[in-house]
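[1] 3D, please:
(4 chains)
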There are 2 protein chains.
Amino acid sequence: MKKAKVLPCKRPYSLGKRLELSDKKKARILAAARLLLEKDGFLALTLEILAGESGVTRQTVHNLFGSKTGVLEALFDQIAFSSGMEQMRNVMQQPDPDTMLDGFIGVFSAFWTKNRLLFRRIHGIAAIDPEFGSVLLARNQRRLSAATRILSVRSSKTGENFAEQTAQRVAVLHALSSFEFFDALAESCGSADQAARLLPGLVKKALGM
Amino acid sequence: MKKAKVLPCKRPYSLGKRLELSDKKKARILAAARLLLEKDGFLALTLEILAGESGVTRQTVHNLFGSKTGVLEALFDQIAFSSGMEQMRNVMQQPDPDTMLDGFIGVFSAFWTKNRLLFRRIHGIAAIDPEFGSVLLARNQRRLSAATRILSVRSSKTGENFAEQTAQRVAVLHALSSFEFFDALAESCGSADQAARLLPGLVKKALGM
DNA sequence: ATTTAATTTTACAAATTGTAAAGTTAAATC
DNA sequence: GATTTAACTTTACAATTTGTAAAATTAAAT
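    So this is what the prediction gives:
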């Protein structure tokens, strides 16, 4: 005789501790993904290895992130929204545009330094995979609008209000504060710290300040 | 009765026309690889599709290039050693360092402009795959030594012979003449041509000239 | 004790890269 | 023109990896 399958009458159920555990696993997976990505690169990072390093099964990775690129997008979001970037708030509230500019450069130098290898991989993925590339555009956009604001405020304060020149300066500042340039400069200098020391003066000279 | 298999007594054989045909196929494959790479990126480029577009079988691609990355390395070599770069000879033979510098910037601006999408992909692959990354280092090295020469000659002519400052300038010039910076600047400006127009002045200001 | 849902286990399909062998074809040589 | 040579194709197969799906397990919530 079959056991009659009882129809589940829905009962309220809050996740509580189970959600905590799940979040911890998510965090472990992202941490492992970061290490593996930095160490061996995107091609060598398989979900099998990632799951093994995280202490879960491959299917759990799928359940939590949907796909391989899903893991990377989550990792990118985690980095972008947390460590180091919250200081941009303060920077953008400074009254003096020169102080803003220094803060802007400083925050991004620190950010690129801290996450250099990871961003190199992530930008690499964006460069080879147009679909993933769109993920980065939003971030770039925010840096662009910050650069625009800084230079607009400055040009209105100094009175030199040529729209064209400001647009050109914005482009230059945006390019000089990009990860790509920072990484290239750090490579040329021999260290990210040296690049961070060089950058502020370089930017000012390039902007003609 | 079996046909006795005749032992091949080696006879001289020069490839002649067959080599030509083979080279044409190679060229067709590389051309198709470039288009596909630029259009859809590295992940979407499969050997199956590449073979189809080139009018050969997948195994022929393997025979000619060994592997997928083999195709890319061959493509990279083809670009790096041919189109546009031969002008660097002339540039480096100029007597005046300022002329050299202008030529240096000009040649690379044109080179990056011409191969922008392709280099974006190639640098992307290098960024995600450490093994492939080493392929780019040699090229970067040649640009670095050119930058070093230009600035050394210049500092010895102007008399300002501080080794430290020259080293710093070399690093800056190397970073400002990198593909990564050019691509970022072109993105900010809206076009590669505009970036190419901006770059010479920017470099001079950044180098304090 | 029962219900719930996260996680694991297990199984499978599809795509892709890579390898290998036999057969085909056309150029080069005699 | 017949034979040799090697590029190329055809065909087949193995390995890896991603992605999907269902049942079984487990531990938390009720």
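[2] after the helix or strand containing A:Arg89, next one along is what?
    Per DSSP states H and E, A:Arg89 falls inside helix A:87-92. Sequence-wise, the next helix or strand downstream of helix A:87-92 (DSSP H and E) is helix A:97-114.
[3] Would you indicate which residues of that following helix are buried?
    A:97, A:100-105, A:107-113 (16 or more other Cβ atoms under 10 Å in any protein chain shown). (Glycine included, C-beta is placed from N, CA and C.)
[4] any residues touching the helix holding A:Arg89, and which ones?
    Contacts with helix A:87-92, where a contact means Cβ atoms under 8 Å, 6 or more residues apart in numbering or on different chains, come from A:Met100, A:Gly103, A:Phe104, A:Gly106, A:Val107, A:Ala146, A:Arg149.
[5] Next, count neighbours for the last one.
    Think A:Arg149. 15 (other Cβ atoms under 10 Å in any protein chain shown).
[6] which residue sits closest to it, ignoring its sequence neighbours?
    A:Met92 (6.9 Å; Cβ to Cβ, 6 or more residues apart in numbering or on different chains).
[7] for chain A, which spans come out with low pLDDT?
    Along chain A, segments meeting pLDDT under 70 span A:1-10, A:13, A:15-16, A:159, A:161-162.
[8] re the thing from before, could you measure the residue nearest to A:Arg149 against A:Val107, distance?
    10 Å (Cβ to Cβ, to the nearest Å).
[9] Spit out the contact partners of the residue nearest to the spatial centre of chain A.
    Nearest residue to the geometric centre of chain A (Cα atoms, centre = their mean): A:Ala80, 3.4 Å. Going by Cβ under 8 Å, 6+ apart, A:Ala80 touches A:Arg139.
[10] Tell me if the helix or strand harbouring it is near DNA strand C.
    Using DSSP H and E, A:Ala80 maps to helix A:68-81. No. Helix A:68-81 stays clear of DNA strand C (Cβ under 7 Å from any atom of the strand), getting no nearer than 13.0 Å.
[11] roughly how far is that helix from the heart of the chain?
    Distance of helix A:68-81 from its chain centroid, counting by Cα atoms, centre = their mean, to the nearest Å, is 8 Å.
[12] now the closest residue to A:Glu38 other than its chain neighbours: how far from B:Val135?
    Spatially, and ignoring its direct neighbours in sequence, A:Glu38 is nearest to A:Leu117 (4.3 Å; Cβ to Cβ, 6+ apart). The gap separating A:Leu117 from B:Val135 is 19 Å, by Cβ to Cβ.
[13] Between those two, point out the one with more neighbours.
    Neighbour totals were compared for A:Leu117 and B:Val135, and B:Val135 leads with 18 against 14 (other Cβ under 10 Å).
[14] Give me the angle between the single longest helix found in chain A and helix A:68-81.
    Criterion DSSP state H: the longest helix present in chain A is helix A:130-158. Angle between the axes of helix A:130-158 and helix A:68-81 is 20 degrees (criterion: axes from the mean of the first three to the mean of the last three Cα atoms, to 10 degrees).
[15] Give me every residue in chain A lying close to chain B.
    Contacts of chain A with chain B, taken as Cβ under 8 Å from any Cβ of the partner chain, map to A:40-44, A:120-121, A:123-130, A:144, A:168, A:170-172, A:174-175, A:178, A:180-181, A:183-185, A:187-190, A:194, A:198, A:202, A:205-206, A:208.
[16] what's around the residue nearest to A:Arg149, how many residues?
    A:Met92: 16 neighbours (other Cβ under 10 Å).
[17] now A:Ser152
    Neighbours of A:Ser152 under the rule other Cβ under 10 Å: 16.
[18] What residues does it make contact with?
    By Cβ under 8 Å, 6+ apart, the residues touching A:Ser152 are A:Thr166.
[19] check contacts around A:Asn140.
    A:Asn140 neighbours (Cβ under 8 Å, 6+ apart): A:Ser178.
[20] how close does it sit to B:Ser82?
    From A:Asn140 to B:Ser82 the distance is 33 Å (Cβ to Cβ).
[21] Can I get the host helix or strand of A:Glu164 in CSV, CA atoms only?
    For A:Glu164, the host element (DSSP H and E) is helix A:163-176. Output in CSV follows, covering the C-alpha atoms of helix A:163-176 (Å, rounded to 0.1, in the frame of the first residue of the first chain):
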residue,chain,number,x,y,z
ALA,A,163,32.1,74.5,-22.8
GLU,A,164,34.3,73.0,-25.4
GLN,A,165,37.4,73.1,-23.3
THR,A,166,35.6,71.7,-20.3
ALA,A,167,34.3,68.8,-22.4
GLN,A,168,37.8,68.0,-23.5
ARG,A,169,39.1,68.2,-19.9
VAL,A,170,36.3,65.9,-18.8
ALA,A,171,37.4,63.4,-21.4
VAL,A,172,41.0,63.6,-20.3
LEU,A,173,40.2,63.3,-16.6
HIS,A,174,37.9,60.4,-17.3
ALA,A,175,40.6,58.6,-19.2
LEU,A,176,43.3,59.4,-16.7
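[22] Name the residues of it that come out as buried.
    In helix A:163-176, counting by 16+ other Cβ under 10 Å, buried: A:Thr166, A:Gln168, A:Arg169, A:Val170, A:Ala171, A:Val172, A:Leu173, A:His174, A:Ala175, A:Leu176.
[23] How about the backbone phi and psi for A:Phe42?
    phi -70, psi -40 (degrees, to the nearest 10).
[24] tell me which parts of chain A are close to DNA strand D?
    Where chain A comes near DNA strand D, counting by Cβ under 7 Å from any atom of the strand, the residues are A:11-18, A:21, A:45-48, A:58-59, A:62, A:66-69.
[25] if you set the cut-off to 6 Å instead, what comes out?
    By Cβ under 6 Å from any atom of the strand, the residues of chain A that approach DNA strand D are A:11-14, A:16-18, A:46-48, A:59, A:62, A:67-68.
[26] and the residues you listed, which are buried?
    The neighbour count (16+ other Cβ under 10 Å) marks A:Leu47, A:Lys68 as buried among these.
[27] Put together a markdown table for the residues of chain A next to DNA strand D, with secondary structure and distance to A:Leu36 on each row.
    Listed next are those as a markdown table, based on DSSP: H, G, I helix; E, B strand; the rest coil; distance: Cβ to Cβ, whole Å:
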| residue | secondary structure | distance to A:Leu36 |
| --- | --- | --- |
| A:Arg11 | coil | 41 |
| A:Pro12 | coil | 40 |
| A:Tyr13 | coil | 35 |
| A:Ser14 | coil | 34 |
| A:Gly16 | coil | 31 |
| A:Lys17 | helix | 29 |
| A:Arg18 | helix | 27 |
| A:Thr46 | coil | 9 |
| A:Leu47 | helix | 11 |
| A:Glu48 | helix | 11 |
| A:Gln59 | helix | 18 |
| A:His62 | helix | 17 |
| A:Ser67 | coil | 16 |
| A:Lys68 | helix | 12 |
